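Q: Show me how the following folds:
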Amino acid sequence: MARRQFDLAKNALVRKWYFGSGTALTCTLCTMLLVSGCLGSGLGLGTGPDRSTITGSISTVPDVLSDDDLIKMTVAEADVTKGFIHHLPWANLTTGDGGVVSYVRENGGVRRVCREFIASKHSYDGVAQYMGEICRARMSQDWTLETMEKQD
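A: This is a model prediction of the structure:
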């Protein structure tokens, strides 16, 4: 088996040309210059959050409504022109409670409009049924919860 010989002189000439002519130095400097330019601009890193996408349309503090407020809103938004209302669901995502408004009847007076209702409430404590009444002045749009009693 023939043994390959390594020609030191030939390899020395290649090394001398590469390192002696400054090619290595030029390549190293170019690479360092490119890398420093990329790092200097930050590549989008370390420059902080992109403030151009902030619209301010989302409130930082969520509106927390009670179960009573949600029941009142459900009864207030009911379309009572068709007669008695059945099965209007409501849910409170904050507390995890929910239920159904199963009955709404409107009584109108000269100065005041009231709505009687029956609603169920499904919570961690169990299921309960409530009877109540919301009222508003005839010329107002704001309903107030007058009574809401738990039924046994």
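
Q: what ranges of this structure fall below the confidence cut-off?
A: Low-confidence segments of the chain, defined by pLDDT under 70, span residues 1-25, 33-63.

Q: mind listing the helices for it?
A: With DSSP state H as the criterion, the chain has helices at 8-20, 23-41, 67-76.

Q: and stretch 90-97, how far apart are its ends?
A: Start-to-end span of stretch 90-97 (C-alpha to C-alpha, to the nearest Å) is 9 Å.

Q: Run through who's touching it.
A: 62, 64-67, 70-71, 73-74, 98-101, 119, 121-124 (C-beta atoms under 8 Å, 6 or more residues apart in numbering). (Glycine included, C-beta is placed from N, CA and C.)

Q: what's the answer for stretch 126-137, then?
A: Here stretch 126-137 makes contact (C-beta under 8 Å, 6+ apart) with 71-72, 75-76, 111-121, 142-151.

Q: buried sites along that stretch?
A: Within stretch 126-137, the residues that qualify as buried are Tyr130, Gly132, Glu133, Ile134, Cys135, counting by 16 or more other C-beta atoms under 10 Å.

Q: returning to that earlier point: out of the contacts of stretch 90-97, which are buried?
A: Asp67, Leu70, Ile71, Thr74, Gly98, Gly99, Val100, Val101, Ala119, Lys121.

Q: just checking, the first one touches Lys121?
A: Just to be clear, that refers to Asp67. Yes. Asp67 lies in contact with Lys121 (C-beta atoms under 8 Å); the separation is 6.2 Å.

Q: Strands of the protein, residue ranges please.
A: 88-91, 98-108, 112-123, 126-137, 144-151 (DSSP state E).

Q: Give me the sheet partners of the first one and which way each runs.
A: According to DSSP bridges, the neighbouring strands of strand 88-91, each with its direction, are strand 98-108 (antiparallel).

Q: same question, the fourth one
A: Strands that pair with strand 126-137, judged by DSSP bridges, come out as strand 112-123 (antiparallel), strand 144-151 (antiparallel).

Q: residues in contact with the last one?
A: By C-beta under 8 Å, 6+ apart, the residues outside strand 144-151 that reach it are 68-69, 71-72, 114, 128-136.

Q: What residues sit buried inside that strand?
A: Result for strand 144-151 [16+ other C-beta under 10 Å]: buried residues Leu145, Met148.
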